[in-house]
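K.L.:
fold the following for me, if possible:
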Amino acid sequence: MKYVLVTGGVVSGLGKGVTASSIGVLLKACGLRVTSIKIDPYLNTDAGTMSPFEHGEVFVLDDGGEVDLDLGNYERFLDIKLTRDNNITTGKIYQSVIDKERKGDYLGKTVQVVPHITDAIQEWIERVAMIPVDGKEGPADVCVIELGGVIGDIESMPFIEALGQFSYRVGPGNFCLIHVSLVPVLSVVGEQKTKPTQHSVRGLRGLGLTPNILACRSTKALEENVKTKLSQFCHVPAENIVTLYDVPNIWHIPLLLKDQKAHEAILKVLNLKWFALLAIDCIPMLMLQHLPLLLYYCIDISMICSVGRKPDLGEWKARTKICDVLHDTVKIAMVGKYTGLSDAYLSVLKALLHASVACHRKLIVEWVAAGDLEDSTAKEAPDVYKAAWELLKGADGILVPGGFGDRGVQGKIFAAKYARENKVPFLGICLGMQIAVIEFARSILGLCDANSTEFDPKTSNPCVIFMPEGSKTHMGGTMRLGSRRTYFEVADCKSAKLYGNASYVDERHRHRYEVNPDMVSQLENAGLSFVGRDESGRRMEIVELPSHPYFVGVQFHPEFKSWPGKPSALFLGLIAAACGHLETVLKGGHASSLSTNGWSNGKASVKVHQNGNAMKSSNGSLNVLYSNGNGNGVHY
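P.N.:
Numbers count the residues shown, from 1 in each chain. Next comes the predicted model:
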């Protein structure tokens, strides 16, 4: 097993997750099987109880793991399915060590950070790296590890020590350290400054880790004299210094690394470069003359062959170019609670982008704070209220994502009502589905106090109720989580057609409230159709309004299984409906054939509307971060 460690320096938010994912794409393109591990030094055992404002979205895996959003990047880029153990936290490590101590596994020894915590970290990495994540048998060839935070953070010290020991233990040729650092450009003089990176590398070396490759974040490509200076002071060969400069979208990063021959540097450090040369020039000679020697040293012929080729990124490059030149737009109003931080809805944004590129449309996301649509805002801030409604009414489609708590719920209900009454394509996810049901009960059934018991425990018409198996005393890991099966009750519905006329679908869940099964017949008699249910038939999974062009609500989170080359079916339906081409898609037409006006030199963009201010991003992982849609470049 070969290991690639990605660390960060100077400041957080440089894009370590995207860099680690892109390195995985590059190695996979070389014929290697890749797996990933994300290390988060916080004390939480997982990301499930963390606020989206503080940490971004909670990404959910098939096994129900609530993990860091970077694991979403890994899955999307590498087309793999990770497990909860692929996300290591300080809380998990300490909990495992304390559990062993309580059982007496340490035989009375004093339990310490070194060696017990550091050993537990190394053992965890080695164990998880062997888990196949690509659907094939046997372990991967390379494990890409991302260490969260910045070098020098006190909470990451045990991991730094453990990884230093680990690099010595696995030995040279099996461990490659890539350090992502900042090379800022001072606007006053326009000069690229290397001192922050020098200090960061010095600190890293002082902690026992020596970088093999430097990935420098800057607004533009590094100048040659800057590379030379970094090489001299950081003790890294100039050819092992790559620039990750600002690009139109993050799909460019693997191509950027390939153009700078980062794969050659990594393969050389991992002693795979030599194998590649053997594969090209020497395999016949070795097989005939030195077969006993090969067997003696247990050299894996399959690995020699697998890395003996240049990285093939043809499909990736084609998709990236399409994204860059899209011109015709599609506007989607995102009505949410956490509109101040884009990372809170990162997977939703990615799924929208995947679907829009498949439909050959430039995505424009109009952010609408749900609270701004409410009557209270009309009284307190009429201008904000008016602007929010103008954005909603100007959109081609409306999406209400998941969330918790009652803040902004009334605004989401208004958005669902507007979409239903005005035949605007609508997709409600998790809470978005629940509020659509509440709105229908209030407006069509005349149940004015219809509500969720989450917001009104005493409502006489509880359309949405707490799930019987849930816990009201413990928050972490007590929801209905992970991949669950949904069976289509109505074969001739839009959702089933979008999923290829499947009889069932497996999607990921994260909720503790559900539609009240006792009210389903009443709702269906009024025109709402629950087309998808769980195996028991009592848990509602998908709701549609048959009389509407596209009005779909789902209890699961389809965004978690949307990849760049395989967009989520329901997001594809939303975008196609917003473009006026849903029938073509439902009849089996390919989404990418829907563009009628050709392409121009437009840029794929995500426009941000948050009271005139640019939206914040906690880790810079969005494709685009515009405040006014003016196309001035992208920061990943």
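K.L.:
tell me which helix or strand Gly173 sits in.
P.N.:
For Gly173, there is no host helix or strand (DSSP states H and E).
K.L.:
if I look at Thr19, how far off is Val142?
P.N.:
According to Cβ to Cβ, to the nearest Å, Thr19 and Val142 sit 15 Å apart. (Glycine included, C-beta is placed from N, CA and C.)
K.L.:
what average pLDDT does stretch 346-353 get?
P.N.:
The pLDDT scores in stretch 346-353 average 95.
K.L.:
check stretch 441-449 too.
P.N.:
94.
K.L.:
may I have the distance across it, first residue to last?
P.N.:
Terminal residues of stretch 441-449 lie 9 Å apart, using Cα to Cα, to the nearest Å.
K.L.:
so what touches it?
P.N.:
Defining contact as Cβ atoms under 8 Å, 6 or more residues apart in numbering, one finds that stretch 441-449 is touched by 413, 417, 420, 450, 456, 459-461, 463, 519, 522-523, 526-528.
K.L.:
go again using 6 Å as the cut-off
P.N.:
With contact meaning Cβ atoms under 6 Å, 6 or more residues apart in numbering, stretch 441-449 is reached by 450, 459-461, 463, 526.
K.L.:
same thing with stretch 160-176?
P.N.:
2-4, 118, 121-122, 207-209, 212, 266, 269-271.
K.L.:
please redo it, this time with the cut-off set to 8 Å
P.N.:
For stretch 160-176, using Cβ under 8 Å, 6+ apart, the contacting residues are 1-5, 113-114, 117-119, 121-122, 125, 145, 147, 151, 177, 207-209, 212-213, 266, 269-271.
K.L.:
kindly supply the PyMOL command isolating those of these that are buried.
P.N.:
In PyMOL syntax, the buried subset of those is picked out as below (16 or more other Cβ atoms under 10 Å):
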select buried, resi 2+3+4+5+117+118+121+122+125+145+147+151+177+207+209+212+213+266+269+270
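K.L.:
please report which of the contacts of stretch 441-449 has the highest neighbour count.
P.N.:
Per-residue neighbour counts (other Cβ atoms under 10 Å) across the contacts of stretch 441-449 peak at Cys463, which has 26 neighbours.
K.L.:
any chance of the backbone angles for it?
P.N.:
For Cys463, the backbone dihedrals are phi -70, psi -30 (criterion: degrees, to the nearest 10).
K.L.:
what are the pairing partners of the host helix or strand of Ile542, and which direction each?
P.N.:
Here Ile542, judged by DSSP H and E, is contained in strand 540-544. Strand pairing for strand 540-544, determined by DSSP bridges: strand 529-533 (antiparallel), strand 551-554 (antiparallel).
K.L.:
what is the subsequent helix or strand relative to the shortest one?
P.N.:
So the one you mean is strand 551-554. helix 569-579.
K.L.:
coming back round to it: angle of the strand holding Ile542 against helix 569-579?
P.N.:
On the basis of axes from the mean of the first three to the mean of the last three Cα atoms, to 10 degrees, strand 540-544 is oriented at 10 degrees to helix 569-579.
K.L.:
could you list the low-pLDDT ranges of the stretch 151-300 of the chain?
P.N.:
Along the stretch 151-300 of the chain, the parts satisfying pLDDT under 70 run over 273-300.
K.L.:
re earlier: let me have the contacts of stretch 441-449 in JSON lines, extended by secondary structure.
P.N.:
Compiled in JSON lines, the contacts of stretch 441-449 are given as follows (DSSP: H, G, I helix; E, B strand; the rest coil):
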{"residue": "Ala450", "secondary structure": "coil"}
{"residue": "Thr459", "secondary structure": "coil"}
{"residue": "Ser460", "secondary structure": "coil"}
{"residue": "Asn461", "secondary structure": "coil"}
{"residue": "Cys463", "secondary structure": "strand"}
{"residue": "Ala526", "secondary structure": "coil"}
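K.L.:
quick one, helices of the stretch 51-200 of the chain?
P.N.:
52-55, 70-78, 90-103, 118-129, 157-170, 195-206 (DSSP state H, counting those that start in this stretch).
K.L.:
just to revisit the earlier point, what residues does the strand holding Ile542 touch?
P.N.:
433, 436-437, 486, 488, 493-495, 514-515, 517, 520, 528-534, 551-556.
K.L.:
please spell out the ChimeraX selection for the buried subset of those residues.
P.N.:
ChimeraX command restricting the contacts of strand 540-544 to the buried ones, with burial defined by 16+ other Cβ under 10 Å:
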select :433,436,437,486,488,493,494,495,514,515,520,528,529,530,531,532,533,534,551,552,553,554,555,556
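K.L.:
how about the helices in the stretch 401-550 of the chain?
P.N.:
In the stretch 401-550 of the chain, the helices defined using DSSP H, counting those that start in this stretch lie at 409-421, 431-443, 494-498, 520-525.
K.L.:
give me the distance between the shortest one and the centre of its chain.
P.N.:
Centroid displacement of helix 494-498 relative to its chain, using Cα atoms, centre = their mean, to the nearest Å, is 25 Å.
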